[in-house]
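A.B. asks: no sequence on this one, just coordinates:
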């Protein structure tokens, strides 16, 4: 009798326990999974300067131009067996910005490629040839203006009219500079000046903005910057 009652009691408890377990599982299934907090985005690493952009320090630029660079952007390209690596140092006062270029021969380039590059730009014969071309262009311009003047006086009108000479694009004859590199030349126009320096297997070009009134001052600054770059090559 007692055994029968215990059996009936156990039979009643088993479904209840099963229902209770299922309820707990349902509760866990319905409980929302917490959303993990977003991880803060890591700061973008500073872009490294190109090899040319580290040739002049911020302190050296400030000493020459009175300001430290706000930015320095480098670029690379090649042509005729030569590598041209540039860096534009942008200063807070934009007109004080400086462009630095380093030219060198590529591996496998013909021997003397860099010297030929230099010769075409600064050899006396090359300079004389450019001067002759400019002189002929100037004579042709004057002849054209004289012809147009005669036509206007005769009552003839030709389309196009008088063409004003763009002196801002006229480069003055390069001048030899002593005391920097193996050989150096200083040239410019109404907008900018460039010091080109040859030393062994490199050509360094420093370009500054500024008109003819700043010629001597810019030459002094460009020479100091070129020497800074040369000591790191």
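C.D. replies: Arrived safely. Just so it is clear, the structure is predicted and the values come from calculations on it, not from any experiment.

A.B. asks: Tell me the secondary structure at residue 221.
C.D. replies: Here residue 221 is helix, with the state taken from DSSP: H, G, I helix; E, B strand; the rest coil.

A.B. asks: can you pull the pLDDT of it?
C.D. replies: Residue 221 carries a pLDDT value of 96.

A.B. asks: so how far is residue 190 from it?
C.D. replies: Using CB to CB, to the nearest Å, residue 221 is found at 18 Å from residue 190. Every C-beta, even on glycine, is put in place using the N, C-alpha and C of the backbone.

A.B. asks: Over to residue 77?
C.D. replies: 27 Å.

A.B. asks: Counting neighbours, go ahead and name the busier of the two.
C.D. replies: Neighbour count, other CB atoms under 10 Å: between residue 77 and residue 190, residue 190 has more, with 14 against 9.

A.B. asks: least trustworthy helix or strand in this structure by mean pLDDT?
C.D. replies: helix 2-30 (a mean of 49; mean pLDDT, DSSP states H and E).

A.B. asks: which residues touch the helix or strand following that helix?
C.D. replies: Once helix 2-30 ends, the next helix or strand along the chain (criterion: DSSP states H and E) is helix 58-65. Contacts to helix 58-65, defined as CB atoms under 8 Å, 6 or more residues apart in numbering, come from residues 67-69, 89, 91, 96, 98, 221, 224-225, 228.

A.B. asks: Could you turn the buried ones of those residues into a ChimeraX selection?
C.D. replies: Per 16 or more other CB atoms under 10 Å, the buried members of those correspond to this ChimeraX selection:
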select :69,89,91,96,98,221,224,225,228
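
A.B. asks: Among the contacts of helix 58-65, name the ones in helices.
C.D. replies: If you go by DSSP state H, the contacts of helix 58-65 have 221, 224-225, 228 in helices.

A.B. asks: Can you tell me which of the residues you listed is closest to residue 180?
C.D. replies: Relative to residue 180, the closest of the ones in helices among the contacts of helix 58-65 is residue 224; by CB to CB it sits at 9.4 Å.

A.B. asks: For the closest one, which non-adjacent residue is spatially closest?
C.D. replies: Distances taken as CB to CB, 6 or more residues apart in numbering place residue 64 nearest to residue 224, at 5.1 Å, with adjacent residues excluded.

A.B. asks: Against residue 221, how distant is the one you found?
C.D. replies: 5 Å.

A.B. asks: got it, and residue 67?
C.D. replies: Distance, residue 67 to residue 221, by CB to CB: 12 Å.

A.B. asks: mind giving me JSON lines with the ones in helices among the contacts of helix 58-65 and columns for distance to residue 173?
C.D. replies: Shown next, in JSON lines, are those (distance: CB to CB, whole Å):
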{"residue": "221", "distance to residue 173": "21"}
{"residue": "224", "distance to residue 173": "24"}
{"residue": "225", "distance to residue 173": "23"}
{"residue": "228", "distance to residue 173": "27"}
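
A.B. asks: ok, these vs residue 56, which is closest?
C.D. replies: For the ones in helices among the contacts of helix 58-65, the nearest to residue 56 is residue 228 (5.0 Å; CB to CB).

A.B. asks: Ends of stretch 178-192, what's the gap?
C.D. replies: One end of stretch 178-192 sits 21 Å from the other (CA to CA, to the nearest Å).

A.B. asks: Mind listing residues that contact it?
C.D. replies: 118, 121-122, 167-177, 193-200, 204, 207-212, 215, 218-219, 222-223, 226-227, 230.
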